[in-house]
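S.K.: need coordinates for the following:
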Amino acid sequence: MRARTCSHVLFAPDEPPAGSAPEEPFLPPPGALPDPAPGIDAGPGDVVVLVGTTKGLFALRAGPDRRTWTRSGPWFPGEEIAAAALDTRGGRNRLLVGAMSWHFGPSVYTSDDLGGTWREPEPTTLRFPDDTGASVARVWQLMPAAASQPDVVYAGVEPAALFRSDDGGASFSLVRELWDHPHRQQWQPGGGGLCLHTIVPDPAGGPRMGIAVSAAGFYRTLDGTTWEAANSGILPPFLPEPAPEFGQCVHKVAQHPDRPDTLYVQHHWGVYRSDDFGGSWTEVGEEKLPSTFGFPIVVDPSDADTAYVVPLKSDFFRCSAEGALRVFRTTDGGASWHAHGSGLPSQDAYLTVLRDGFGTDGLSPTGLYLGTRTGEVFGSVDGGGTWQELARHLPPVACVKAAVVG
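M.R.: The predicted model follows:
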């Protein structure tokens, strides 16, 4: 699908050696890749679910009623897609994809025709300044900012850092204030690496923002410049200090768009809620869930007191708790949780859903979509009450992002 030159490798020199011959485009041998996938056949009001896998990007599409689904892709076959988004701000429908090629490294790709054509990034599209001595290993998150900032997109990467784009994802610059934070040198990687995997922008377009790093915890800025650890109340059972300022392994943070002070966290053991944008946290899952270990957490876009988690057995056995894939829902801010699994594998089902493998389409009734490490994708259009299988036999699913086409 793409002709890549060696100069696109992030660690290649900026200029070829003097007197060397021009580089020829690198093309895989005939038949090595699937035929190029056409764009997503979707119009205004249709629902698109982007499914990033370890071997490429797929998409599921349905009409506004969300009854019949069709699949398209793969794009970027053979590459790992840990981040994707459909940006519908400013009257456009732009796909943003964080792809990681084992040959060419990671970068961010964009398409303004739903995957019909793709913009090939420059080698400097997503790159650390030279003085940092760092290089991007993987793009973990792509997050469009508020509707009032239609050209601002944030990227979270490994090693843990935040980048900002002011041209819709065509180029990014490092957020130095976070990179230069005095805690950063003491951050330790989690099982997936030292990654900035969650970005919580201000829905109103203000300077306030939160991010999460595994394994450093939740950090926030209230003025857009000064960053602080905000983990008070989150207790990491794997550390000798019971309540450290930072070092928590926050797996995912979810925010309600209309009540932006309300946040939920799925921690490495523990489900927490904050009503002051991370100023303090309260545990809301203990003794109410079959396990408080898991990766994703989702807030219902129509109700800040409704949230969803997918419990896994433990950090030693990261498979669905009790051998049944179930989504647990609270409708009272975490005071109680109830299992919903109708239509999901319920017996001898040892499945795993990763931190970005669960999302919502923002519609009412709430559409929920989750993907597994064994390549299944399930959807619910009644707030998790009932589920149907939308796809199977895909590569392992790393991220699931749903949106309505503008």
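S.K.: pretty sure Gly115 contacts Phe76?
M.R.: No. With contact defined as CB atoms under 8 Å, Gly115 does not count as touching Phe76 (10.1 Å). Bear in mind the C-beta positions are built from the backbone N, C-alpha and C, glycine included.
S.K.: got the phi and psi for Gly91?
M.R.: Per-residue torsions, Gly91: phi 80, psi 20 (degrees, to the nearest 10).
S.K.: per-residue pLDDT of it, please?
M.R.: We have a pLDDT of 93 for Gly91.
S.K.: His268 now?
M.R.: 96.
S.K.: one more: the one 4 residues further on?
M.R.: At Tyr272, the pLDDT value in this model is 98.
S.K.: just Arg2 next, same as before
M.R.: Value listed for Arg2 in the pLDDT field: 44.
S.K.: any idea how far Glu80 lies from Val136?
M.R.: For Glu80, the distance to Val136 (CB to CB, to the nearest Å) stands at 13 Å.
S.K.: likewise for Pro260?
M.R.: Using CB to CB, one gets 29 Å for the distance from Pro260 to Val136.
S.K.: in terms of helices and strands, where is Gly115?
M.R.: Under the criterion of DSSP states H and E, Gly115 resides outside all helices and strands.
S.K.: tell me the contacts of Gly56?
M.R.: When contacts are counted by CB atoms under 8 Å, 6 or more residues apart in numbering, Gly56 touches Gly73, Pro74, Trp75, Phe76, Pro77, Gly78, Glu79, Ile81, Pro395.
S.K.: from those residues, which ones fall inside strands?
M.R.: Counted as lying in strands by DSSP state E, out of the contacts of Gly56, are Gly73, Pro74, Trp75, Ile81.
S.K.: Pro38 is in contact with the first one, correct?
M.R.: No. At 9.6 Å, Gly73 and Pro38 do not qualify as touching, with contact defined as CB under 8 Å.
S.K.: now the common contact residues for those two.
M.R.: Gly115.
S.K.: so for these two, which residue has more residues nearby?
M.R.: Set Gly73 next to Pro38 and count neighbours by other CB atoms under 10 Å: Gly73 wins out with 21 against 13.
S.K.: just give the number of residues close to the closest residue to Ala243 other than its chain neighbours.
M.R.: Nearest residue to Ala243, sequence neighbours excluded (CB to CB, 6 or more residues apart in numbering): Leu235, at 6.1 Å. Using other CB under 10 Å, Leu235 is surrounded by 17 other residues.
S.K.: touching, Leu235 and Glu241? I think so.
M.R.: No. Look at Leu235 against Glu241 with CB under 8 Å: they stay out of range, at 9.9 Å.
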